[in-house]
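In: 3D, please:
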Amino acid sequence: MDTATPVPDTAAPQEPGTVTYRRAVLDDVPVVVPLVESAYRGDASRAGWTTEAHLLEGQRTDPEGVAAVITAPGSVLLLVERDGATVACCQLEHRGEAAYFGMFAVRPELQGAGLGKRIIAEAERRVRELWEVREMHMTVISAREDLIAWYERRGYRRTGETQPFPYGDERFGVPLRDDLRFEVLVKPLV
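Out: Have a look, this model is predicted:
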């Protein structure tokens, strides 16, 4: 997982280059935090379709949270680079017979061109190879029907299980609604 794996990039012909994947290190924190923020919060996020700016204000993550993902046992923060620039990331965490997929962010101007599909497929391949897991789990804000539908098209299914949103903990943002919760999605990897 530590070495870069080149993959020809055909999703965004207007931006030629090779996509590579590598495991993030602590020196990457200053790049990852603004990437995640740009994909989900504030005006910059509105350039892409993954924005949560209509649901939450404030931060999506912080340097301490990203560093915790990078250094946690059984956790990988996978960086996606094109021509040496970080364009996306995702968290992979080993949880017994399953892996957790989170902190998925693609630069807003690159969203909608197929890069996300390739990243999630690569993440699934890697967790099968690395941990021999049977399922990938994730949580998505239940109000994000468009995002849930995108994951369903990738083979994820709704479990009916929900988890509470951490109201009052501004490390996860300032909610603009009082009905937020996370929905659990699962995909078999066998």
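
In: contacts, neighbours, all on C-alpha from now
Out: Fine.

In: so residue 50 is in which element?
Out: Residue 50 belongs to no helix or strand when assigned by DSSP states H and E.

In: The residue nearest to the spatial centre of the chain: what's it in contact with?
Out: With distances taken as Cα atoms, centre = their mean, residue 104 lies nearest the centre of the chain, 0.8 Å away. Under the criterion of Cα atoms under 8 Å, 6 or more residues apart in numbering, the neighbours of residue 104 are 36, 88, 89, 90, 91.

In: how about 6 Å then?
Out: Neighbour list for residue 104: 89, 90 [criterion: Cα atoms under 6 Å, 6 or more residues apart in numbering].

In: try residue 186
Out: 136, 137, 156, 157.

In: Ranking by neighbours, what's the top pick from these?
Out: In terms of neighbours by other Cα atoms under 10 Å, these top out with residue 136 at 24 neighbours.

In: so how far is residue 127 from it?
Out: Taking Cα to Cα, to the nearest Å as the measure, residue 136 falls 8 Å from residue 127.

In: ok, now residue 151?
Out: For residue 151 relative to residue 127 (Cα to Cα), the value is 17 Å.

In: got it, and residue 21?
Out: Residue 21 is 14 Å from residue 127, by Cα to Cα.

In: which parts of stretch 52-70 are buried?
Out: Neighbour counts over stretch 52-70 (16 or more other Cα atoms under 10 Å) mark 52-53, 55-57, 59-62, 66-67, 69-70 as buried.

In: Let's have those in CSV, adding distance to residue 118 and pLDDT.
Out: Listed next are those as CSV, based on distance: Cα to Cα, whole Å; pLDDT from 0 to 100:
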residue, distance to residue 118, pLDDT
52, 22, 90
53, 25, 89
55, 27, 94
56, 28, 93
57, 29, 92
59, 27, 90
60, 23, 91
61, 24, 93
62, 26, 95
66, 23, 97
67, 25, 98
69, 22, 97
70, 22, 98
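
In: what's the most distant pair in those?
Out: Maximum pairwise distance among the buried residues of stretch 52-70 (Cα to Cα): 27.0 Å, between 55 and 70.
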